[in-house]
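Participant: Sequence plus the predicted model coming up.
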Amino acid sequence: MYKPGNVSTAPAVVAPHQPRLDWQMWFAALAHHSSSPWFTSFVYRLLQGKKDVIRLVQVDESQYPFSAQPPVYIRAQLYKYWFTGSAEGSEGPAPWWRRQRVQEFFPAVSLGDPTLESLLNQHGLKDKTSLKRSADAFLPRLLQSLRRLSRPFSGPAVLWSLYLVAATVCLLRALGRRPGGARPPPATKAPGGGSPRTGGAARRTGRCGGRRPRRRRRKARAGPGGRPMATPMAGPGGRLMATPMASAAPRRRSSAWSRRLRPRLPPTD
């Protein structure tokens, strides 16, 4: 058990394990023992020397004081425990606990005691037949094997071992999923309309999507009055020749647009 008993014994570290018997005793101490019928059965099994019940009290059977022969009488006392302060000193080893007796929780009984017999009959625990399970079932045999393997170890040690194994497995799986090298960046569409991988090459070679781009027409330089000017060209002998840019003349607008854009003149006399 992990509940305090000897005042000189340090409290045990049980987290994250939650002992079943210690947890039930905490609730049983809040009321009369008749409110907890399981405690009467617990005392009865200790008087009979049931090994499964003894392991709830002491995992190491060699340290159980009644391992050779079951006890003749059993009683339960209710105490209140407090931690000792640093200012409280005593001869010998410093006690961890300070306790005060409250009352007797369960009277002294033995096998065949009328008080014990009446309590067992009252709660229907006298000669109660246990459930029969098939000896060849897989699950009971598996649980018994696991119980025998974990018997030399305490509950917190078993739980911490399972947590460490689970954390190691998760860490190895996370390391195995990491990629060996960096992935190439995703291809983006080229602004010139080319394919994602050949967009830059298309701009350099002048091809976009397999088609040749249209050549831009050179705009004629405008002269005075908005008229197009002649473009000089080299003639025979290196002389410059003036060639008018007829194609650079602006397009005429439609009649509707010309009417709208034509300024209205004031009437004349």
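Facilitator: Alright, I've got the coordinates.

Participant: drop to CA atoms for contacts and neighbour counts, all remaining ones
Facilitator: Noted.

Participant: what about the helices in the chain?
Facilitator: For the chain, the helices defined by DSSP state H cover 20-28, 37-48, 51-57, 114-122, 138-150, 155-176, 199-205, 255-261.

Participant: list the helices and strands the fourth one packs on?
Facilitator: What that stands for is helix 114-122. The contact analysis (3 or more CA pairs under 8 Å, 6 or more residues apart in numbering; DSSP states H and E) places helix 114-122 against helix 37-48.

Participant: Quick check: which helices or strands does the helix it packs on pack against?
Facilitator: On the basis of 3+ CA pairs under 8 Å, 6+ apart, helix 37-48 makes packing contacts with helix 51-57, helix 114-122.

Participant: ok, 10 Å please
Facilitator: With contacts defined as 3 or more CA pairs under 10 Å, 6 or more residues apart in numbering; DSSP states H and E, the packing partners of helix 37-48 are helix 20-28, helix 51-57, strand 74-83, strand 97-109, helix 114-122.

Participant: Poorly predicted segments of the protein, please.
Facilitator: Along the chain, the parts satisfying pLDDT under 70 run over 89-92, 127-136, 179-269.

Participant: returning to that earlier point: export the helices and strands packed on helix 37-48 as a markdown table, with columns for distance to Arg45 and mean neighbour count.
Facilitator: Formatted as a markdown table, the helices and strands packed on helix 37-48 follow (distance: least, CA to CA, whole Å; neighbours: other CA atoms under 10 Å):
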| stretch | distance to Arg45 | mean neighbour count |
| --- | --- | --- |
| helix 20-28 | 14 | 13 |
| helix 51-57 | 7 | 14 |
| strand 74-83 | 11 | 13 |
| strand 97-109 | 12 | 14 |
| helix 114-122 | 12 | 15 |
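
Participant: Tell me which of the ones you listed lies nearest to Ala10.
Facilitator: strand 97-109 (8.4 Å; CA to CA).

Participant: Nearest to Thr9 among the helices and strands packed on helix 37-48 would be which one?
Facilitator: Across the helices and strands packed on helix 37-48 (criterion: CA to CA), the nearest stretch is strand 97-109, sitting at 8.0 Å.
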